[in-house]
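>>> 3D model of this:
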Amino acid sequence: MTDFRTLRYRAADGVGWVTLDRPDRHNAFDRTLVDELHGLWRSLRFDDAVRVIVLTGAGDRAFCTGIDRAEVIPQPSSPFMADDPSERLGPKSAGLWKPVIAAVNGMACGGAFHLLGESEFVIAAEHATFFDPHVSYGMVAAVEPAQLSRRLPFGELMRMSLTGTAERITARRAYEIGLVSEVVPGAELHAAADRVATVIASHPPAAVQGTVRAVWAARDMSRQQALAVAPSLVNLGSLDKDGQEDLFRTRPGTWRPR
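Numbers count the residues shown, from 1 in each chain. Model (predicted):
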């Protein structure tokens with residue numbers, strides 16, 4: 001992999017670990033981070049050894065606090081066009097259909113929701129918090145709430161979007177409203193993410209990626225459209241009958257309570 005200025009990356013046992021590495025700026029993104037992350041997502045499409053990705057932030061204060069306010073983004077003069085670097089942040093915008101687990105290790109706000117909104121699910125440290133500061137600084141909250149609109153109940157999304165910096169959703173509350181799938185002590189965050197990532201990486205990758213693609217299609221389409229597409233995705237990603245029967249015979253039937 002390319003040497004990065006704003007990221008750390010490593011891979012082992014089918015799991016790629018991506019760390020936003022600007023802790024002095026609360027892992028806020030600038031154009032360099034956007035370019036590096038987008039390029040990494042694109043390259044991971046070709047790395048068959050990596051079957052699942054864990055995304056987190058350096059340090060324990062912040063996962064990501066959106067765009068770095070010191071970054072100047074030139075804009076077209078027309079009000080009908082805008083240059084928004086956050087549009088290239090997420091894995092789905094890069095055409096990556098391998099599962100991404102977000103391990104939130106502190107504050108997640110504003111543009112961070114581009115990353116959370118394009119992750120399969122979120123595991124959070126107990127001290128993690130979530131908020132959207134846009135309206136507090138006179139900006140319309142539009143794209144980020146759209147990213148979370150299928151993950152949060154309408155009232156909870158509106159409350160977060162409209163209260164701005166005045167309220168923060170705790171990790172426990174985020175779990176209660178469905179934004180987060182698991183809350184763990186901060187010291188156990190990476191182990192918790194690794195545990196579930198290792199399970200996912202142990203499954204046949206085409207079946208995993210087909211499932212990711214199918215569920216996202218169902219999220220974005222009508223129910224009838226998703227059901228019409230489903231058989232094609234099943235045929236593309238499923239093992240043949242012999243391969244399935246082999247897994248039924250050999251895969252250990254272990255499970256753990258969540």
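
>>> Helices of the stretch 51-200 of the chain, start to end?
Secondary structure of the stretch 51-200 of the chain (DSSP state H, counting those that start in this stretch): helices at 112-117, 143-148, 154-163, 171-176, 189-201.

>>> can you redo the ones you listed as a markdown table with mean neighbour count?
(Each C-beta comes from the backbone N, C-alpha and C, glycine too.) Formatted as a markdown table, the helices of the stretch 51-200 of the chain follow (neighbours: other C-beta atoms under 10 Å):
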| stretch | mean neighbour count |
| --- | --- |
| helix 112-117 | 26 |
| helix 143-148 | 18 |
| helix 154-163 | 16 |
| helix 171-176 | 18 |
| helix 189-201 | 19 |
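
>>> Could you grab the helix/strand/coil label for Tyr9?
strand (DSSP: H, G, I helix; E, B strand; the rest coil).

>>> Please name the residues that touch it.
Under the criterion of C-beta atoms under 8 Å, 6 or more residues apart in numbering, the contact list for Tyr9 reads 1, 16-19, 40.

>>> Show me what it is bridged to.
Val18 (DSSP bridges).

>>> And the pLDDT at it?
pLDDT for Tyr9: 98.

>>> shaky segments in the stretch 151-258 of the chain?
Flagging of the stretch 151-258 of the chain using pLDDT under 70 yields the residue ranges 223, 226-227, 230, 233-234, 247-248, 251, 253-258.

>>> Next one: the closest residue in space to Pro153 that isn't next to it in sequence from Gly164, what distance?
Leaving out its chain neighbours, the residue that sits closest to Pro153 by C-beta to C-beta, 6 or more residues apart in numbering is Ile177, at 6.1 Å. Going from Ile177 to Gly164 by C-beta to C-beta, to the nearest Å gives 18 Å.

>>> Repeat that for Gly178.
In this view, Gly178 and Gly164 are 22 Å apart by C-beta to C-beta.

>>> what's the answer for Cys109, then?
Per C-beta to C-beta, Cys109 is found 10 Å from Gly164.

>>> So between the two, which is more surrounded?
Neighbours of Cys109 and Gly164, each counted by other C-beta atoms under 10 Å, are more numerous for Cys109; the result is 25 against 18.
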